[in-house]
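A.B. asks: Predicted structure and sequence below. I'll ask about it afterward.
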Amino acid sequence: MYIYIMRHGEAQTFASSDEERPLTPKGEHTSIKMAEWLVNHHVVSPLDKILVSPYLRAQQTWKACEDIIPHQHVTTEDALTPFGDWEQIAVYLRALVGLENISSLLLVSHLPLVGYLTAEFSPGMSAPMFPTSGIACIELDPKTEKSHFLWLKTP
């Protein structure tokens, strides 16, 4: 099965809180382009599940991509914040894959979480620095729970 990990698009620098920082027009455009690339090069069937951070910029990133990426189910996941517990999230994802028989999943979140999570699924790898709208792909064997890093596409 495949786990796609996406960092939100470029966001405005300031807002009343970090949670409320909106995407810039460039952030929306780049996220759309990355979604098109993903569909044209890797996703051949609807993604089983989409997990999105509750922060505005991640929600807007998914909103920009949702008409492009075929998908079945979308959930806002409160733990997917910039400093979410990546180890717990990795355990949750492995359990989710096993329980729901998921073959593909997209997660839309933030640095540093996306980097740490990618490294967690990639033994021996340091956490990569994702550019905004970047997408990584992890292959996970649900039976053995062994995983490895396949690629990181940047805008």
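C.D. replies: In hand now; what should we look at?

A.B. asks: which residues are in contact with the longest helix anywhere in the chain?
C.D. replies: Longest helix in the chain by number of residues, with DSSP state H as the criterion: helix 25-41. Applying Cβ atoms under 8 Å, 6 or more residues apart in numbering, the external contacts of helix 25-41 come out as 4, 6, 8-11, 23, 57, 60-61, 64-65, 68-70, 132-135, 153, 155. Any C-beta I mention is one placed from the backbone N, CA and C, and that applies to glycine too.

A.B. asks: Just the buried residues from these, in PyMOL please.
C.D. replies: Buried members of the contacts of helix 25-41, defined by 16 or more other Cβ atoms under 10 Å, are picked up in PyMOL with:
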select buried, resi 4+6+8+9+10+11+23+57+60+61+64+65+68+69+132+133+134+135+153+155
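
A.B. asks: and the contacts of helix 25-41, which of them are in helices?
C.D. replies: Using DSSP H, those in helices are 57, 60-61, 64-65.

A.B. asks: Going by distance to residue 78, which of the residues you listed wins?
C.D. replies: Nearest to residue 78 among the ones in helices among the contacts of helix 25-41 is residue 57, at 15.4 Å by Cβ to Cβ.
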